[in-house]
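Asks: Here's a sequence, model it:
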Amino acid sequence: MTTPASITIERGDLADERVLRLLRDHLDDMFATSPPESVHALDVSGLEVPEVTFWTIAEGGDILGCVALKELDPGHGELKSMRTDAESRGRGLGARLLEHVLAEAARRGYGRVSLETGSQDFFRPARTLYQRYGFRECGPFGDYVLDPHSVFMTLELEG
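Replies: The predicted model follows:
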């Protein structure tokens, strides 16, 4: 009998071809479901900046998903680039990534975490997950502007 590989979340390597494939798939889906001016997903260059921390979730040698946390200011973080590989969905990996980011945001002393996601049906599972964790719709934040293709959400953190 073999023991299943454990799920790990660690800093992601933006030069790893498995990560690059996941990010390409993410951007492809974003451009397939939203007008170009409404796609706010970060490419590799956007994830490499100092204010962004990027993680992957893996099982054995397989990269199953990713997420990033961008510091908007010392008390406010933005959830970015949350993605679970299509073949790995339905396993609770998105929830694990979200819990990881929220724990890190609390550790950093952020008072709130916000996000932008799509308003289309494709994004309904993501919006449902965020709502389950207490995120509520809000107006645009940071550099965002009102957009019918975007839903803005925020979560006030305790402590």
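
Asks: C-alpha only now, for contacts and for neighbours.
Replies: Noted.

Asks: Now do the residue lying closest to residue 65 once chain neighbours are set aside, the pLDDT please.
Replies: Leaving aside its chain neighbours, residue 65 sits nearest to residue 84 (4.1 Å; criterion: C-alpha to C-alpha, 6 or more residues apart in numbering). According to the prediction, residue 84 has pLDDT 92.

Asks: my read: residue 84 touches residue 94, true?
Replies: Yes. Assessed by C-alpha atoms under 8 Å, residue 84 is found in contact with residue 94 at 6.4 Å.

Asks: Need the residues touching each of these two.
Replies: Among the neighbours of residue 84, those also in contact with residue 94 (C-alpha atoms under 8 Å, 6 or more residues apart in numbering) are residue 65.

Asks: number of nearby residues for residue 125?
Replies: Burial measure for residue 125: 10 neighbouring residues, criterion other C-alpha atoms under 10 Å.

Asks: how about the helix or strand containing it: buried residues?
Replies: Counting by DSSP states H and E, the element that carries residue 125 is helix 124-132. Under the neighbour-count criterion of 16 or more other C-alpha atoms under 10 Å, helix 124-132 has 126, 127, 130 buried.

Asks: Quick check: closest non-adjacent residue to the second one.
Replies: Sequence neighbours aside, residue 117 is the residue nearest to residue 127 in space, at 7.5 Å (criterion: C-alpha to C-alpha, 6+ apart).

Asks: which residues are contacting the helix or strand just after the helix holding residue 125?
Replies: Next helix or strand after helix 124-132 toward the C-terminus (DSSP H and E): strand 136-138. Under the contact criterion C-alpha under 8 Å, 6+ apart, strand 136-138 has outside partners 151, 152, 153, 154, 155.

Asks: Any chance of the backbone angles for residue 49?
Replies: Summarising the backbone geometry of residue 49 under the convention degrees, to the nearest 10, its torsions are phi -70, psi 150.
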